[in-house]
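Participant: With the sequence up front, the predicted model follows.
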Amino acid sequence: MAEVQEGGFRAFHPSWEDPSCARNLAVWVCGVDDLRLLPYTVVPQLGMNDVRVKIKAVGICGSDVHYVKKLRNSRVAMKEPMVLGHESSGVICEVGASVTHLRVGDRVALEAGIPCNSCVLCKEGRYNLCKNVRFFGSPPTNGSLTQEVVHPASLCYKLPDNLTFEEGAMCEPLSVGVHACRRAKVEPGRRVLILGAGPIGLIVLLVSRAFGATTVHVTDIDQRRLMAAASLGAEGTLRVSSDMNDMENEVMELKQLIGVPIDVTFDCVGITKTMQTALKVTKSGGKVCLVGMGQDNLTLPLTSSAAREVDVLGIFRYCNTYPLCLDLLQSRKVDVRPLITHRYRLTEDDMKEAFQTTAMAGDAIKVMFTI
Amino acid sequence: MSLKPNFVLYVIKRHFHPISRWKNHVFLGHCNHTQIFAMGKGSAQGESSLGTCQSQNLAAWLMEANKLEIRPFELPALGPKDVKIRMKAVGICGSDVHYYKHMRLADFIVKEPMVIGHECAGVVEEIGNEVTHLAVGDNVALEPGVSCAHCSHCKEGRYNLCDEMKFFATPPIHGSLANFVVHPASLCFKLPENVSLEEGAMCEPLSVGVHACRRAGAGPHTKVLVMGSGPIGLVTLMAAKAFGSPRVVVVDVDENRLKMAQELGAHEVVCVSTRIEDVEKEVLEIQQKMAADVDITFDCAGLEKTMRTALKATRSGGEVCLVGMGHVEMKVPLTAAAAREVDILGVFRYRNTYQLCIDMISSGRINVKPLITHRFGFSQEDVVKAFNVSAMGGSAIKVMFNI
């Protein structure tokens, strides 16, 4: 198994030959479009403040697909095969010696990123920006699309009785929406516009409504996704094109459709056209929140929006969101269950199909593994 | 100069008369450095107004691109909440120069001649009958923008964003480079004894720096980078220090302007190039000079290069505040910055800053006097010279008229 893959690394990992963990399988990306179901030795060993978790549900997202296709994200490239997945929940099967708030048998949602806890950003509470964060399924940290992981107890949150493992796993993408709505200060009185009705856009829609936004409108190029948005409570939707030449007209149409000044626009696509639309359509003094990671080098007419005091806020993952997510789900202020459209098991065939389905988008919103 | 009895001085009506009608006017000469025109008796144009030089109102009119002329300027009637101000100090700003050269700025177009100037201070000459907080003889700084007070922006306190804003020298609203203006008393701020009229006029540009610092949250905990060491960069530098920023680094392409920044208290300066290829190198230099993370960057130039530098140099979770009005289309690596939660804040003019500026000048926390590099009187020749000096930039920071 010593082939050199396109990413420039060998498709080999010592786990695969470790006899002690043959029973702990994981989904590995070993090269471009090269997914394999192979053993995974769980490291680190269980520390005093850790818990061992039997994973029960894992969702996959666009970024997981991105690694399968590109073997990298915008900052870091994979140097060896990696376990995918970061949206997970499970049952505690062992606790470290100092852990008091969790017990064996507890059902928990896992927050994906382990920050360093000692840098300025961590101490200020913005630990999502920690330079040394270890995040499931972000190279070089292996992910949680596996049967068992070890994780800090402080990043495991007990699931209320009325929530399923799938809903626990959904806390991860839901956290992105919560973090975005917090940063953009969505609250009663606000008129919100969401560009892009993919999983993130739909989650931002659900959270905006839960945060009391007066109205939420949604755009997308795909009518099916707009229908999903309408069924999830969008006041109105608008089908847009991917042609830059249509932008001016679409801005006018949006303003007519919504009828009142737009306070916050969430760009959940993140390409030039959507950002330009957002900057033009948002009211003076409003906010544009860039949630999507579409394009690396956006060309933007920044001066004219800045001259109207339209602020541009970035969103990177989330921080301090899990407890609120669980509250929103438990009280049914947010219901993420309709977003789970496809389910798969941890088998070779299902694994391949799951990623294909996610990559194709279309009527797939959230693809979930049941472990 | 004495007026012959059969000449009558005319005040030109608010609606501009085509230039051909000026043929009927006879130039009488100068009075207090202003030109006086008169019409022959019996002409049907305009109202008649007998008066001495002092009560006629003259202003610097932008007639067409690169053409400024001092001409009469009729004032509106004094409303009950208004004051009439005898103008004393008026500064020139980059936007005035831009209108001078191009007759437009962004979507604002000068469609007919307009009085220029908006950074001003003067003496109260007359007060409306409902004005209580000002008295004739008071020295005041004038906040230029009259907002509507009933739109949601105004009611929420963000009156600088008012859609019905009437701002001195933003077309079609006439400016204040004149002998007299009429203005709402609520926008005239009394100057204490130790604040001069020139310093009062400086409150206007200083307000831009103050508003930017407020929006960005500058304070004792923020290390600040200022891009551009022109008038706006310098007032932002001063405001940041006044707000308690412990370390301010200023960058510019011009060594002389950087010297001024150092004199005004910049802790470090970096001379940068105009080449976009130098961004990476300059970001490193800036970070070295700051010797710490950059919390806030004020882009007071507003160019593609300065924005790129700002977005790279600022720490994760920091703010970039766009204060300068450079290019309209800027190609910026926005995704990379957004992924570090570097927020981009816009700044448009200012709001609720005048009293704070006056207080900071009065207490000595801010000293704006060194920014005034050139002074001119209010004559046709001086007005043209002053605008040309201001347009040249370089060693000219603030050009001030003393009227």
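Facilitator: Okay, I see it.
Participant: Any regions of the stretch 51-200 of chain A where pLDDT drops low?
Facilitator: Applying pLDDT under 70 to the stretch 51-200 of chain A flags no residue at all.
Participant: wait, what's in contact with the residue of it found nearest chain B?
Facilitator: Residue nearest to chain B within the stretch 51-200 of chain A (CB to the nearest CB): A:Leu129, separated by 4.1 Å. In this view, the C-beta of every residue, glycine as well, is placed from N, C-alpha and C. A:Leu129 makes contact with A:Leu121, A:Phe316, B:Ser316, B:Gly317, B:Arg340, B:Glu341 under the criterion CB atoms under 8 Å, 6 or more residues apart in numbering or on different chains.
Participant: would you list the residues you listed in a markdown table and tack on secondary structure?
Facilitator: Compiled in a markdown table, the contacts of A:Leu129 are given as follows (DSSP: H, G, I helix; E, B strand; the rest coil):
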| residue | secondary structure |
| --- | --- |
| A:Leu121 | helix |
| A:Phe316 | coil |
| B:Ser316 | strand |
| B:Gly317 | strand |
| B:Arg340 | coil |
| B:Glu341 | coil |
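Participant: which two from these end up farthest apart in space?
Facilitator: The span of the contacts of A:Leu129, defined through CB to CB, is set by A:Leu121 and A:Phe316 at 11.0 Å.
Participant: Quick check: residues of the stretch 151-300 of chain B near chain A?
Facilitator: Selection of the stretch 151-300 of chain B residues close to chain A by CB under 8 Å from any CB of the partner chain yields B:Ser152, B:His153, B:Glu156, B:Arg158, B:Asn160, B:Leu161, B:Asp163, B:Arg215, B:Asp293.
Participant: okay, among those residues, which ones form the most distant pair?
Facilitator: Counting by CB to CB, the most remote pair of those is B:Asp163 and B:Asp293, 38.3 Å apart.
Participant: okay, these two: which has more neighbours?
Facilitator: Taking other CB atoms under 10 Å in any protein chain shown, B:Asp163 and B:Asp293 do not tie; B:Asp293 has more neighbours (16 against 11).
Participant: check contacts around the closest residue in space to A:Gly137 that isn't next to it in sequence.
Facilitator: Leaving aside its chain neighbours, A:Gly137 sits nearest to A:Gly143 (2.8 Å; criterion: CB to CB, 6 or more residues apart in numbering or on different chains). Counting by CB under 8 Å, 6+ apart, A:Gly143 touches A:Ala26, A:Asp64, A:Met82, A:Val83, A:Leu84, A:Gly85, A:His86, A:Phe136, A:Gly137.
Participant: need the contact list for the residue in the stretch 101-250 of chain B that chain A sits nearest to.
Facilitator: For the stretch 101-250 of chain B and chain A, the shortest gap (CB to the nearest CB) falls at B:Leu161, measuring 4.3 Å. By CB under 8 Å, 6+ apart, the contact set of B:Leu161 is A:Ser284, A:Gly285, A:Arg308, A:Glu309, B:His153, B:Phe348.
Participant: got a winner among these for most neighbours?
Facilitator: Of the contacts of B:Leu161, with other CB under 10 Å as the count, A:Glu309 tops at 24 neighbours.
Participant: Can you classify it by secondary structure?
Facilitator: Going by three-state DSSP: A:Glu309 is coil.
Participant: how close does the closest residue to A:Ser138 other than its chain neighbours get to B:Glu282?
Facilitator: Spatial nearest neighbour of A:Ser138, excluding adjacent residues (CB to CB, 6+ apart): A:Asn73 at 6.7 Å. Relative to B:Glu282, A:Asn73 is positioned 27 Å away (CB to CB, to the nearest Å).
Participant: of those two, who's got more company?
Facilitator: B:Glu282 (20 against 15).
Participant: Doesn't that one belong to a helix?
Facilitator: Yes: assessed with three-state DSSP, B:Glu282 lies in a helix.
Participant: Please work out how many residues are found near the closest residue in space to it that isn't next to it in sequence.
Facilitator: The shortest distance from B:Glu282 to any non-neighbouring residue, by CB to CB, 6+ apart, is to B:Val272 (5.0 Å). Residues lying near B:Val272 (other CB under 10 Å) number 22.
Participant: Among the contacts of A:Gly143, which lie within strands?
Facilitator: Of the contacts of A:Gly143, the ones assigned to strands by DSSP state E are A:Ala26, A:Met82, A:Val83.
Participant: wait, doesn't the residue nearest to B:Glu282 sit right on B:Val250?
Facilitator: No: between B:Val272 and B:Val250 there is no contact under CB atoms under 8 Å: 10.4 Å.
Participant: Could you give the bridge partners of B:Gly119?
Facilitator: Not Gly; residue B:119 is Glu. In this entry, B:Glu119 is beta-bridged to B:Gly91, by DSSP bridges.
Participant: Among the contacts of B:Leu161, which one lies nearest to A:Val264?
Facilitator: For these, the nearest to A:Val264 is A:Gly285 (11.0 Å; CB to CB).
Participant: pLDDT score for the closest one?
Facilitator: Looking at A:Gly285, its pLDDT is 97.
Participant: how close does the residue of the stretch 51-200 of chain A closest to chain B sit to B:Val342?
Facilitator: Distance from A:Leu129 to B:Val342, by CB to CB: 10 Å.
Participant: Return every residue with contacts to both of the two.
Facilitator: The contact lists of A:Leu129 and B:Val342 share B:Ser316, B:Gly317, where a contact means CB under 8 Å, 6+ apart.
Participant: which residue packs closest to A:Trp16, ignoring adjacent ones?
Facilitator: Leaving aside its sequence neighbours, A:Trp16 sits nearest to A:Leu38 (CB to CB, 6+ apart; 5.0 Å).
Participant: secondary structure class for that neighbour?
Facilitator: The local conformation at A:Leu38, judged by three-state DSSP, is strand.
Participant: How about B:Lys241?
Facilitator: Under three-state DSSP, the three-state class of B:Lys241 is helix.
Participant: Straight-line length of stretch A:147-163, end to end?
Facilitator: The stretch stretch A:147-163 measures 20 Å between its terminal residues, going by CA to CA, to the nearest Å.
Participant: List the buried residues of it.
Facilitator: By 16 or more other CB atoms under 10 Å in any protein chain shown, the buried positions in stretch A:147-163 come out as A:147-153, A:155-159, A:163.
Participant: Then stretch B:117-126?
Facilitator: Using 16+ other CB under 10 Å as the test for burial, stretch B:117-126 gives B:Gly117, B:His118, B:Glu119, B:Cys120, B:Ala121, B:Gly122, B:Val124, B:Glu125.
Participant: Likewise for stretch A:135-149?
Facilitator: Applying 16+ other CB under 10 Å to stretch A:135-149 flags A:135-139, A:141-149 as buried.
Participant: cool, stretch A:326-335 as well?
Facilitator: A:Leu326, A:Leu328, A:Leu329, A:Val334.
Participant: From A:Met170, how far out is A:Lys79?
Facilitator: 31 Å.
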